[in-house]
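Trainee: Take this sequence and fold it.
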Amino acid sequence: MKFKKIFFILAVSSVIFSCSKDNNNSVPFDAAKQALDDDTTLIDYLKTHYLKENGGGLDTITNGESSLMNDVRLGVQNVLHNDINYKLYYLQENEGATVSPSSVDSIYYNYTGMLLDSTVFDTSSNFSWNTLFSPSTGRGFISGWQYGFTNFKGGNVVMNADESFDFVDYGKGILFIPSGLAYGNIAESAIPVNSPLIFEISLKDVHLTDHDLDGVLSKFEDLDNDNILSNDDTDGDGIPNYYDTDDDGDGKLTKDEDTNGNGNWFDDDTDGDGTPNFLDEDN
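Mentor: Sure, this is the predicted structure:
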């Protein structure tokens, strides 16, 4: 199966950024039903395709090859997004060696994006840095990336003899994204409406961000581990923890609640009630 590559006048990375457009369809769109339809479509794809050896890409099973569905490296991520349940599938050719990003962290990556019929709609041959989602601008990659990249880690830096550097043991794999975590019922360039998408990705490095400079990396202020940092607000002041310099509202800055000074805010619990000081207004 040969891939058909489509080139755009727009910058090559523009298609994977999320955007909003007016949808003038007169018939109400049923996102929950579409999520179920997409899952059926993705499962059918995973059952009828396989990954060639040595980076040979995806292809249709024609001679009894073992399917993606039977690949032990395939995982499924259950995502609740805008009150709709989605299943995002990912295949870890290599998980990576260092840390995984949260939805608000920066990644050093490249990718190839394609439709289920193998049409390549976008690609990035060079690696580049970008933030998965920027709260300050409200701009970011499609939700499928914000969730999917969390299943991979960056690599280790190696220095070359000429003093250049590269990465080894970095994250590499494939994301199988339902349309509701991509562009939904809106067409985007060469992507038709309600299209599940496939991305072959490599993740060489991750930069974890401390947005409020309180000493606790934003990744670890996602207390319910749903990869949505905006809904974690311990003191209920309307400022999510990852932007709040006093998470528990006790009048003491979070950066000053690492009482033992070891750089770990989660093991400081003065009153022994099981809640770390920086999340406990009565400690």
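Trainee: State whether Asn283 and Trp265 are indeed in contact, as I suppose.
Mentor: No - if you go by C-beta atoms under 8 Å, Asn283 and Trp265 don't touch, sitting 11.9 Å apart. The way it works is simple: take the backbone N, C-alpha and C, and place the C-beta from them, glycine included.
Trainee: what residues are shared contacts of those two?
Mentor: Residues within reach of Asn283 and of Trp265 at once, by C-beta atoms under 8 Å, 6 or more residues apart in numbering, are 257, 277.
Trainee: C-terminal to the lengthiest strand in the chain, what's the next element?
Mentor: As assigned by DSSP state E, the longest strand anywhere in the chain is strand 119-131. The helix or strand immediately downstream of strand 119-131 is strand 133-134, counting by DSSP states H and E.
Trainee: Give me the sheet partners of that following strand and which way each runs.
Mentor: Next to strand 133-134 in the sheet, as set by DSSP bridges, lie strand 139-140 (antiparallel).
Trainee: Please point out which parts of the longest strand of the chain sit buried.
Mentor: 119-124, 127, 130-131 (16 or more other C-beta atoms under 10 Å).
Trainee: Output it as PDB, nothing but the C-alphas.
Mentor: C-alpha atoms of strand 119-131 as PDB (Å, rounded to 0.1, in the frame of the first residue of the first chain):
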ATOM      1  CA  THR A 119      -3.500   9.500   2.800                       C
ATOM      2  CA  VAL A 120      -0.700  11.500   4.400                       C
ATOM      3  CA  PHE A 121      -2.100  15.000   5.100                       C
ATOM      4  CA  ASP A 122       0.800  16.500   7.100                       C
ATOM      5  CA  THR A 123       4.300  15.600   8.000                       C
ATOM      6  CA  SER A 124       7.300  17.100   9.900                       C
ATOM      7  CA  SER A 125      10.700  15.600   8.900                       C
ATOM      8  CA  ASN A 126      12.600  17.900  11.300                       C
ATOM      9  CA  PHE A 127      12.200  18.000  15.100                       C
ATOM     10  CA  SER A 128      10.800  21.100  16.700                       C
ATOM     11  CA  TRP A 129       9.800  22.500  20.100                       C
ATOM     12  CA  ASN A 130       6.100  23.400  20.800                       C
ATOM     13  CA  THR A 131       3.800  23.500  23.800                       C
END
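Trainee: tell me the mean pLDDT over it?
Mentor: Mean per-residue pLDDT for strand 119-131: 93.
Trainee: Neighbour count: Asn283 and Trp265, which is higher?
Mentor: Between Asn283 and Trp265, counted using other C-beta atoms under 10 Å, Trp265 has the larger neighbour count: 23 against 19.
Trainee: Phe29 and Gly184, how far apart?
Mentor: 8 Å (C-beta to C-beta, to the nearest Å).
Trainee: So for these two, which sits in the more crowded spot?
Mentor: Neighbours per residue (other C-beta under 10 Å) separate Phe29 from Gly184, with Gly184 holding more: 21 against 13.
Trainee: Assign that one to helix, strand or coil.
Mentor: Assigned by DSSP: H, G, I helix; E, B strand; the rest coil, the conformation of Gly184 is coil.
Trainee: With Gly144 instead?
Mentor: For Gly144, the assignment made with three-state DSSP gives helix.
Trainee: Next, the contact list for it, please.
Mentor: Counting by C-beta under 8 Å, 6+ apart, Gly144 makes contact with 88, 175, 177-178, 181-182, 197, 199.
Trainee: switch the cut-off to 6 Å
Mentor: Neighbouring residues of Gly144 by C-beta atoms under 6 Å, 6 or more residues apart in numbering: 177, 181-182.
Trainee: what do you get for Asp212?
Mentor: Applying C-beta under 6 Å, 6+ apart to Asp212 gives the contacts 243, 245.
Trainee: measure it to Ser230 for me?
Mentor: Counting by C-beta to C-beta, the gap from Asp212 to Ser230 is 13 Å.
Trainee: cool, Gly184 as well?
Mentor: To Ser230, Gly184 is 20 Å away according to C-beta to C-beta.
Trainee: tell me the helices in this protein, going along the chain?
Mentor: Secondary structure of the chain, counting by DSSP state H: helices at 31-48, 143-148.
Trainee: Please look at Lys172 and Leu203 and confirm they touch.
Mentor: No - at 7.3 Å, Lys172 does not count as touching Leu203 under the criterion of C-beta atoms under 6 Å.
Trainee: ok, these two, which is more surrounded?
Mentor: Applying other C-beta under 10 Å to Lys172 and Leu203 shows that Leu203 carries more neighbours, namely 28 against 19.
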